[in-house]
Each structure stands twice: as structure tokens, then as C-alpha cells.
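K.L.:
Requesting a structural model of the entry that follows:
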Amino acid sequence: QVQLVESGGGLVQAGDSLRLSCAASGSTFRSYSMGWFRQAPGKEREFVAGVARSGVITYYADSVKGRFAISRDNAKNTVYLQMNGLKPEDTAVYYCAAREHYTINVRDSEYDYWGQGTQVTVSS
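P.N.:
Okay, the predicted model is just below:
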């Protein structure tokens, strides 16, 4: 089992940057592929980015490709989401999720553990 705690959210202006962190504890972090998801008010939760166990393979939603970067530090049991060029439509609660599998998956139902979420608000 793994526990996930996100941090780094906040209120920023369009064009600004934020880095989200997700600290994992309780199990072998490197056994999990990790994903970031987000949920805006009135919308379904959606995949944002994922990173496989080794950290080499990543995958992004088209809406964030070229602006966001996911990475992980297995020595620190932490996964990051660097968000650049933020837009108002990026406003959402961002969740970190862990999947005990070597591949990334875009479906939230495929993830085993979730953090509590961190709010990101982008003003225009």
C-alpha cells in the first residue's frame, strides 16, 4: 500500500508556472507507475500526465503537451508536475495517483491509490 500527499497548488495568473509535488510513503515507490489527473468543477476527472516506473517513459494529454512536464525522483519517493504557460482552463483540483504496474494508463479506474488533491487556480 502507498500513501500519496500532493502539494504546490495555488492561485496564479495566466502564463505563470507552478510545480506540483506528490510525496509517496508506505511501500516501494519504484514499483508504481504514477499519474497526474485533474478535475474541474462540473467536469469529469481527466488524465494529465503519466510517468512509468523508471521515469524514462512519459505520456501527456494533448491539452498540456509542450507546457507540462512530469518527472519522478525514486530516491525521494516523489513525483513532480512542472506546469508552465498556465491557462485559465487549467484550473482544477490536481490529483496524484499510483498504479502497481510498469505501464502508464490514462484511465483513472486503473490506478490503485490516490492523493487528496491540490487546488490550482489560474486567473485571466
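K.L.:
if you go through this protein in chain order, where are the strands?
P.N.:
3-7, 10-13, 18-25, 33-39, 46-51, 58-60, 68-73, 78-83, 92-99, 113-114, 118-123 (DSSP state E).
K.L.:
Parallel or antiparallel, which strands does the shortest one pair with?
P.N.:
For strand 113-114, sheet partners with direction are given as strand 92-99 (antiparallel), following DSSP bridges.
K.L.:
Run the chain-centre distance for the partner strand.
P.N.:
On the basis of C-alpha atoms, centre = their mean, to the nearest Å, strand 92-99 sits 5 Å off its chain's mean C-alpha point.
K.L.:
Apart from its neighbours in sequence, what residue is nearest the residue most central in space within the chain?
P.N.:
Nearest to the mean C-alpha position of the chain, by C-alpha atoms, centre = their mean, lies residue 36 at 2.3 Å. Nearest in space to residue 36, with sequence neighbours left out and distances taken as C-beta to C-beta, 6 or more residues apart in numbering, is residue 48 at 4.4 Å. Bear in mind the C-beta positions are built from the backbone N, C-alpha and C, glycine included.
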